[in-house]
Every structure is written in C-alpha cells, then in structure tokens.
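Chemist: Structure of the sequence below:
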Amino acid sequence: MADDGKAQGPDRICVGAISGAFGVQGEVRLKSFCADPEDIASYGPLFSEDGQRQFKIKLTRPVAGGLGARIAGVENKDQADALKGISLYADRKRLPRLPDDEFYHTDLIGLDVRDPGGTFLGKVRAVHNHGAGDLLEISGAGTDLLLPFTRAVIPTVDLTAGRIVADPPEGVD
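Modeler: Alright, predicted model coming up:
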C-alpha cells in the first residue's frame, strides 16, 4: 500500500484513493491498493485520512487506470470531482490476516533498520512499488537508501521488536 497510513495509527490502513469523476452521473474512478483490487469494496465503510468522512462504495466496472464505483450520496460529476485525491482507509480488523512473510506497508514505516552486524542504517520512511517489486526507502545514519524488499536483502522483519535486518547488496552504503 503506497500511503504510509500513519495518520490513522495502527487501526486504519490506506486501501485506495479516489482519482476523480468517471462520466457525468456521479461515478468515481478508484485506484485500489489491494492485492485483489475488487476487495476494496468489501472492506467498507471506508474513511478519509482524517476519519471525518465515511464512504460506502459499490463497484460498477473496471475502467482504465482503476475501478468505476458509486459512492453513496454522490449523484453528479461535480460531487464526484470534489472527492478527487481523497485517500480511502479501512479498519484494520476488516482486512485479512496476512501470512507470516507478508506485511502491510503501514506496519513497516518507522521501523529501525540495522545490518546483520547490528549497525543502524536508518528507519523505513516509505515503501514504493514502481512495478518490479517493493522498495524500502530508508533514511538516517547520514544517507538515504532504497533497498529491494526481498528475502535476500531483508532477511528479517520483526514487527514486535520494531526492527528490520537488512543485508544491502555490495556497493550500497
């Protein structure tokens, strides 16, 4: 999930965003951050980042760049356009439990990152995915790093201890 979700703390996770109106009848285009994009509709109601707004979503069809959806109370293009850019958050308890080797991006943000010898490399600032797999952006200790989120480079993620062990490839400092 692209957004760090920290504004909601551990109880809500960003599952998508409204990318604008679709047509003139109040439909919106959604970008889903879920492994199965259509699952976004089953995690509702969804909330704005500040938690002040609630959205009931009904998917209508796949569209270029996302999913078409109806949002309760949105009946025209102007109302749909006004929602553009809103990130959508789901209550964590409504999301599926992940296997031991998978993580929600929001849970990785802020974790300490150390090399196998225990040297502090920084903290996870963000998780990016540009199509070839997740990358951890690590800031601190005098430099910023982008490390592939693979078992070879990140052999240990310990959420309970709040740390990650990273074994950066040769030449990455």
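Chemist: For the helix or strand where L59 lies, give the mean pLDDT please.
Modeler: Assigned by DSSP states H and E, L59 falls within strand 57-63. The average pLDDT for strand 57-63 rounds to 94.
Chemist: Kindly report the same for stretch 72-79.
Modeler: 95.
Chemist: From one end of it to the other, what's the distance?
Modeler: 11 Å (Cα to Cα, to the nearest Å).
Chemist: Give me the buried positions along it.
Modeler: Neighbour counts using 16 or more other Cβ atoms under 10 Å place 74, 77 of stretch 72-79 among the buried residues. C-beta coordinates here come from the backbone N, C-alpha and C atoms, glycine included.
Chemist: who touches it?
Modeler: Residues outside stretch 72-79 that contact it (Cβ atoms under 8 Å, 6 or more residues apart in numbering) are 21, 23-26, 28, 55-56, 58, 80, 83.
Chemist: The residues you listed: which two are farthest apart?
Modeler: Farthest-apart pair in those is V24 and K56; separation 21.1 Å (Cβ to Cβ).
Chemist: What helix or strand is the residue of the chain most remote from its centre located in?
Modeler: Relative to the mean C-alpha coordinate of the chain, counting by Cα atoms, centre = their mean, the farthest residue is G117 (30.2 Å). Following DSSP H and E, there is no helix or strand that holds G117.
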